[in-house]
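K.L.:
this one's structure only:
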């Protein structure tokens, strides 16, 4: 079976049926790749990298395909993604607080140094 006749999700099938070979082939191929990563999994580092880059532009489509083909797996994916997003936000907030604290210490040191040098010490 060819990759176009192997489309599993209604979402991708609908996009395929409304697609034009010249304009939409690459986009359809990318959606089929996303569908395959959901149903078969990622088999190599190259596929993992490709998936990472495709999710930049196709996150909404990936979610729709995933939700349709594997609702339970999708719930786990969303739970894990939300958890990772929360951890990433918390880490960024922590780093920001650390940088602000360091800047305050440097500023305080600056002021102390100016006072010290004005007094001639």
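P.N.:
Arrived safely. Keep in mind the model is a prediction, meaning the values are calculated, not measured.
K.L.:
break this protein down into its domains, please.
P.N.:
1-69, 72-121 (automatic domain parsing).
K.L.:
check contacts around residue 113.
P.N.:
Counting by Cβ atoms under 8 Å, 6 or more residues apart in numbering, residue 113 makes contact with nothing. For every residue, glycine as well, the C-beta is placed using N, CA and C.
K.L.:
now it, what's its secondary structure?
P.N.:
Put simply, residue 113 is helix when judged by DSSP: H, G, I helix; E, B strand; the rest coil.
K.L.:
quick check: pLDDT value at it.
P.N.:
For residue 113, the model assigns a pLDDT of 93.
K.L.:
now the one 3 residues further on
P.N.:
With respect to pLDDT, residue 116 has a value of 91.
K.L.:
for it, grab the count of nearby residues.
P.N.:
Residues lying near residue 116 (other Cβ atoms under 10 Å) number 10.
K.L.:
one more: the one 4 residues further on?
P.N.:
The tally of other residues near residue 120 (other Cβ under 10 Å) stands at 5.
K.L.:
deepest of the domains of the chain, which one?
P.N.:
Mean neighbour count (mean count of other Cβ atoms under 10 Å) peaks for domain 1-69 among the domains of the chain, with a mean of 14.
K.L.:
look up the closest residue to residue 25, ignoring the ones flanking it.
P.N.:
Residue nearest to residue 25 in three dimensions, not counting chain neighbours: residue 19, with 7.4 Å by Cβ to Cβ, 6 or more residues apart in numbering.
K.L.:
residues in contact with the one you found?
P.N.:
Contact analysis of residue 19 by Cβ under 8 Å, 6+ apart lists 25, 27-28.
K.L.:
assign a three-state SS to it, would you?
P.N.:
What three-state DSSP gives for residue 19 is coil.
K.L.:
any idea how far residue 6 is from it?
P.N.:
Relative to residue 6, residue 19 is positioned 16 Å away (criterion: Cβ to Cβ, to the nearest Å).
K.L.:
what separation do you get for residue 46 and residue 57?
P.N.:
For residue 46, the distance to residue 57 equals 18 Å [Cβ to Cβ].
K.L.:
and what of residue 32?
P.N.:
According to Cβ to Cβ, residue 32 and residue 57 sit 15 Å apart.
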